[in-house]
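1. Fold the following and give me the result.
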Amino acid sequence: MKKKFQPMASNRILYVCQEVAPYVPDTEGALLCRRLSQAMQERGNEIRTFMPRYGCINERRHQLHEVIRLSGMNLIIDDNDHQLIIKVASIPSARVQIYFIDNDDYFARKAILRDADENYFEDNDERAIFFARGVLETVKKLRWTPTVVHCHGWFSSIVPIYLKKVFADDPIFKEVKIVVSLYGDGFDKPLDAGMKEKIANEGVKDKKLSILDTPSYENLCRYVMEYADGIILASDAVTPEIIELVRNSGKPLLEYQSPDAEDFFDNYNRFYDSIQ
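-> Residues are numbered from 1 along each chain as shown. Below is the predicted model of the structure:
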């Protein structure tokens, strides 16, 4: 029997996502991450997609199960131990597998980033730090070497810092290129004032950390751009101030385009290739 032709993977893409549909409500970012994962896989790329296991996710309905061989590590965030639990599920219609970063201290609450009064959780900075560390430590355990790490949403913004400052010499990540997608997901009140120190305590020695003296949304965007190899305007709701920062950064940029555009995913694929 003649073997079916399988296209060679042009990239190995690690998607680090704040949200992915159908596990959370259909936000712009959640839908894009779900569609991108499938589209890039169909174009011959090898992918791994990660998101937090928020407490509002129905594990039974979505058939999440723990991956024992990947779980069990303890991560120290701000001098406190937090157990890393890895779960996995599949999107049957897309034949895409999603990895979930879980921890009872950070993700048991039945919400995503805000409480019942629509206020951001005071420990969102620590939750983002734990998520970033959890993703990268799990990829190391998988012994899978990405060529591109694509971060979606501000909650994934610690990942580029770690890749450049903590995991830079690790063979798994040494040659990786970082893409950051920006959305209209800003917040008005700065994150915890101790965020800079918490990141520094993770082994990040960086003068540019002073950008986070005030960990506002705009400053977080400024900081993450410092370590991006490419930036994508993934939403038409990105503020003019952030767009100006992006254009002044001098980094390769993929401008906003409608997700309904015929060549939408091909443009993403070409952008990944262009920064190699």
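
2. in stretch 254-271, what's buried?
-> Across stretch 254-271, burial judged by 16 or more other CB atoms under 10 Å covers 254, 264-265, 268-269, 271. The C-beta positions use only the backbone N, C-alpha and C, and glycine is treated the same way.

3. got it, and stretch 195-212?
-> 195-196, 198-199, 202, 204, 206, 209, 211-212.

4. Just the pLDDT for residue 149.
-> pLDDT for residue 149: 98.

5. SS state for it?
-> Put simply, residue 149 is strand when judged by DSSP: H, G, I helix; E, B strand; the rest coil.

6. and it, what is it in contact with?
-> 13-14, 16, 159-160, 163, 173, 176-179 (CB atoms under 8 Å, 6 or more residues apart in numbering).

7. Chain neighbours aside, what residue packs nearest to it?
-> residue 14 (4.6 Å; CB to CB, 6 or more residues apart in numbering).

8. Name the next helix or strand downstream of the helix or strand hosting that neighbour, please.
-> Residue 14 belongs to strand 12-17 when assigned by DSSP states H and E. Using DSSP H and E, the next helix or strand after strand 12-17 towards the C-terminus is helix 28-42.

9. where's that next one relative to the chain centroid, distance-wise?
-> The chain centroid and the centroid of helix 28-42 are separated by 13 Å under CA atoms, centre = their mean, to the nearest Å.

10. elements contacting it?
-> strand 12-17, strand 46-52, strand 85-91, strand 96-102, strand 148-152, helix 264-274 (3 or more CB pairs under 8 Å, 6 or more residues apart in numbering; DSSP states H and E).

11. swap the cut-off to 7 Å and go again
-> strand 12-17, strand 46-52, strand 96-102, helix 264-274 (3 or more CB pairs under 7 Å, 6 or more residues apart in numbering; DSSP states H and E).

12. Most tightly packed of the ones you listed?
-> Burial of these is given as mean neighbour count (mean count of other CB atoms under 10 Å); strand 12-17 ranks first at a mean of 25.
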